[in-house]
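*Asks:* model this:
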Amino acid sequence: MAVLLAGCAVTAPTPAASTSTPAAPTATATPSPTDTPVETPPADAAPPPVQPVGDPVVIASGLDAPWSILRLPTGATLISERDTALVRELLPDGSLRDAGTVAEVEPNGEGGLLGLAFLPGDDGSSGWVYAYFSAASDNRIVRMPLTGSAGGLGFGAGEPVLTGIPLAGNHNGGRIGFGPDGMLYATAGDAGIPGNAQNLDSLGGKILRMTPTGEVPADNPFDTLVFSYGHRNPQGIAWDSHGQLWASEFGQNTWDELNRIDAGGNYGWPEVEGIGGGGGGFIDPVQQWATDEASPSGLAIVDDTLFMASLRGARLWRILPSTGTVDPWFTDSFGRLRDVVSGPGGTLWFVSNNTDGRGSPAPGDDRLYQVEVAP
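*Replies:* Next comes the predicted model:
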């Protein structure tokens, strides 16, 4: 079940125009931690929340274990495939072409080609595509100059941004994104060694923050790349309209989490899984789910409405932190969901992940979907 902080009301979702839209979850109140308030912006500053409207439509099919959707400022879209190490370009007719293969990727278990991010060029160039991936002995981040134009995009030779992130067959993290401060953020899992998460000398079990070339920003809390710690396997990051960072995180056997990330914050793993009451200096999640209802990966924010893709839960969660509203959409309609991003023209895009070895793929899987969102 989904569990909210005490004092948060649960509002049933307005049914989407789909027979597969589920009912709202039952919530159980828990003690509200004193050290992790969720600030509600003034009413005149808060955009109205949005929700899916109508049925999702298929934009593209035939993807192989897709992991990250990257929408470029030009309107082009790139999608990473974990096990093939390919970056696929979406064409206007819904077909896909190979934009390029990321060198040195060695897929293994949950590792492979994972997150993508983009940085516009400041010298008249087309900019850089960043990739987080599993190599032979570590997880690493590289950046590659983007070449070509829409319909014929490609990459130049990659250059390292960060190496040495702990590697394992699972718990590799892998999501990357540029924040409103211009810094690159990356989620790093504990690589199957829980002690990594509390060890500030390890990059594992952390959310990392770096300059676009991998250097330590002067205002990082520990004078290292570590921005927050005590994470098990975070795989989603997004920023709201106030610049606040949010992250989704896989739990172990009991609770998956949505966390409000503060610089220098300790989120408890492995000492605490889920809401622990705020003791021990640990920051409690704003939201928690039973692992069979979530196993969260990608996270998107549209008009300060959070949307979280769920793998084992096979649904898209909608969360309004300011009111405590939580509701599931499209439960069991499309299988495992890996990533979700804001789409063009008041839409949301999400990608299924049924071909990753843990799902039950249907003919044509995996697919990229689009659904309209509106107040």
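
*Asks:* list the buried residues in stretch 246-260.
*Replies:* By neighbour count on 16 or more other C-beta atoms under 10 Å, the buried set for stretch 246-260 is Trp246, Ala247, Ser248, Glu249, Phe250, Gly251, Trp255, Asp256, Glu257, Leu258, Asn259, Arg260. Placement of C-beta: from N, CA and C, glycine included.

*Asks:* got it, and stretch 327-345?
*Replies:* 327-331, 333-343.

*Asks:* and it, how far apart are its ends?
*Replies:* For stretch 327-345, the first-to-last residue distance is 23 Å (C-alpha to C-alpha, to the nearest Å).

*Asks:* what does stretch 296-307 give?
*Replies:* So stretch 296-307: terminal residues 10 Å apart, C-alpha to C-alpha.

*Asks:* try stretch 149-167
*Replies:* Terminal residues of stretch 149-167 are spaced 34 Å apart (C-alpha to C-alpha).

*Asks:* pLDDT of that stretch, averaged?
*Replies:* Averaged over stretch 149-167, pLDDT sits at 97.

*Asks:* next one: stretch 78-93
*Replies:* Per-region confidence: stretch 78-93 scores 98 on mean pLDDT.

*Asks:* again, but for stretch 110-123
*Replies:* 95.

*Asks:* how far off centre is it?
*Replies:* 13 Å (C-alpha atoms, centre = their mean, to the nearest Å).

*Asks:* do me a favour and get the end-to-end distance for that stretch?
*Replies:* The first and final residues of stretch 110-123 sit 37 Å from each other (C-alpha to C-alpha).

*Asks:* between the buried residues of stretch 246-260, which is nearest Phe227?
*Replies:* Ala247 (10.2 Å; C-beta to C-beta).

*Asks:* what's across from the closest one in the sheet?
*Replies:* Per DSSP bridges, the residues bridged to Ala247 are Ile237, Asn259.

*Asks:* got it, and Arg140?
*Replies:* Phe133.

*Asks:* tally of neighbours for it?
*Replies:* 21 (other C-beta atoms under 10 Å).

*Asks:* pull up the gap between Gly174 and Asp122, please.
*Replies:* The gap separating Gly174 from Asp122 is 27 Å, by C-beta to C-beta, to the nearest Å.

*Asks:* show me which of these two is the more surrounded one.
*Replies:* Gly174 (32 against 8).

*Asks:* just name the shakiest helix or strand of this structure by mean pLDDT.
*Replies:* When the helices and strands of the chain are compared on mean pLDDT, DSSP states H and E, strand 28-30 comes out lowest with a mean of 31.

*Asks:* contacts only, for the nearest residue to Gly192 once chain neighbours are set aside.
*Replies:* For Gly192, ignoring the flanking residues on the chain, the nearest one in space by C-beta to C-beta, 6 or more residues apart in numbering is Ala168 at 4.2 Å. Applying C-beta atoms under 8 Å, 6 or more residues apart in numbering, we find Ala168 in contact with Gly109, Gly111, Gly189, Ala191, Gly192, Ile193.

*Asks:* and the third one, how close does it get to Glu249?
*Replies:* Distance, Gly189 to Glu249, using C-beta to C-beta: 9 Å.

*Asks:* what sits in contact with each of those two?
*Replies:* In contact with both Gly189 and Glu249: His231, Arg232, Asn233, Pro234, Gln235, using C-beta under 8 Å, 6+ apart.

*Asks:* picking up where we left off before, output the contacts of Ala168 in a markdown table; the columns should cover secondary structure.
*Replies:* Formatted as a markdown table, these follow (DSSP: H, G, I helix; E, B strand; the rest coil):
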| residue | secondary structure |
| --- | --- |
| Gly109 | coil |
| Gly111 | strand |
| Gly189 | coil |
| Ala191 | coil |
| Gly192 | coil |
| Ile193 | coil |
